[in-house]
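J.: Build me a model from this:
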Amino acid sequence: MSLTDRLFIALQHLIPQRWLSERLYWLARVRWRPFKRLIIRNFAQIYRIDMRLALEPDLDAYPHFNAFFTRALRPDARPLDPDPAAILCPVDGAISQIGTIEAGRLIQAKGRHYRVESLLALAPGEPHPFEGGRFATLYLSPRDYHRIHMPLGGRLDQMVHVPGTLFSVNAITSAGVSDLFARNERLICRFETAAGPMALILVGAIFVGGLETVWAGEVTPPHSGLEPRRWDYAVDEQCIHLERGEEMGRFNLGSTVILLLPDQTEWEPGLVPGIGVQFGQRLGRWRPADPG
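T.: The predicted structure is shown next:
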């Protein structure tokens, strides 16, 4: 790791992460027309945002920057893979890491691992259903579409908000900060699907102003608190069920999504770190569990 990279990581330990994120949350919602117009237009130009894909292509129609950043896409912009057994990519972004969960560990970066129990904020010794299953860490850059969708249809069982640090989640920090994704603030959403248990973890980061879901609305901010908050959802006729490809949440300024799947799933060949992916494409397939 270069000296520049080390200094970048050291700086993140020193800056007031929450304070800066809360200030950006406020700035992203300023409605004063000259300010929001300047920010939106410059952002769209710098990151070469293709507004032809947006449901609302007019930059001036957005009331503030966050509305633009979390803009909806046209219904035909991201067609869903038609195979009902296909595991859909939940976001536009790039693969940071992808693979199999072995001995309870996931790959964070080359030479760095972290544990499923820590990521899911489980109590010591508490079991989980993902041993031998699959994981994918998907990084969303500023230019990406920032809504998150269901890889498979499923029933919501649990949501947990875990307070934590707000380190950057880029490649440099992933390589230099141990247990990054198990230390950062995150929102853990667990579902039961036809393929078995599934978890979608929305990981916060520096300047990520908020995390929200379609059923609970905005969960953060605030970013304060020491203990996780947990919501368990009833399994009855009032249960929350989301269809394959349906929106489940969004980042109010970008970050990372981690997808966990059980062992009766498999990834498509050729998916390796660094490859760009889009919502709706096939990441893998699931097969019915062996009744034996």
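J.: What's the local residue count around the residue lying closest to E268 once chain neighbours are set aside?
T.: Using C-beta to C-beta, 6 or more residues apart in numbering and skipping residues adjacent in sequence, the residue nearest E268 is G284, 5.4 Å away. Every residue, glycine included, has its C-beta placed from N, CA and C. Neighbouring residues of G284 were enumerated by other C-beta atoms under 10 Å; the total is 22.
J.: what does C239 give?
T.: Using other C-beta under 10 Å: C239 sits among 12 other residues.
J.: Would you map the strands across the stretch 101-250 of the chain?
T.: 105-109, 112-115, 134-139, 147-149, 154-162, 186-193, 196-203, 210-213, 217-220, 229-232, 241-242, 247-252 (DSSP state E, counting those that start in this stretch).
J.: Just to check, the residue nearest to E268 is in contact with I87?
T.: Yes. G284 lies in contact with I87 (C-beta atoms under 8 Å); the separation is 4.4 Å.
J.: shared neighbours of those two, which are they?
T.: L261, T265 (C-beta atoms under 8 Å, 6 or more residues apart in numbering).
J.: Tell me, what's the model's pLDDT at G209?
T.: Per-residue pLDDT puts G209 at 59.
J.: Pull up the gap between L14 and L253, please.
T.: 21 Å (C-beta to C-beta, to the nearest Å).
J.: who's more crowded, the two?
T.: Per other C-beta under 10 Å, whichever of L14 and L253 has more neighbours is L253, with 22 against 7.
J.: dump the residue contacts of the more buried one.
T.: L24, Y25, A28, N66, F69, H146, F207, V208, G209, G210.
J.: Out of these, who's the most crowded?
T.: Going by other C-beta under 10 Å, V208 tops those with 27 neighbours.
J.: wait, what's in contact with that one?
T.: Applying C-beta under 8 Å, 6+ apart to V208 gives the contacts S21, L166, F251, N252, L253, G254, S255.
J.: For R229, state which of those residues is nearest.
T.: Closest approach to R229 among the contacts of V208 (C-beta to C-beta): L166, at 17.0 Å.
J.: Grab the nearest non-local neighbour of the closest one.
T.: Using C-beta to C-beta, 6+ apart, the nearest residue to L166 is Q17, at 3.9 Å.
J.: Show the residue spans covered by the helices in the stretch 1-150 of the chain.
T.: Under the criterion DSSP state H, counting those that start in this stretch, the stretch 1-150 of the chain carries helices at the ranges 3-14, 17-27, 33-46, 65-69, 116-119.
J.: Give me the angle between the second one and strand 247-252.
T.: Put plainly, it is helix 17-27. Here helix 17-27 points in a direction 100 degrees away from that of strand 247-252 (axes from the mean of the first three to the mean of the last three C-alpha atoms, to 10 degrees).
J.: One more: the third one?
T.: Between the axes of helix 33-46 and strand 247-252, defined by the same axes, to 10 degrees, the angle is 110 degrees.
J.: Can you name the residues that contact the residue nearest to E268?
T.: Contacts of G284 by C-beta under 8 Å, 6+ apart are A86, I87, R134, L261, T265, E266, W267, E268, L271.
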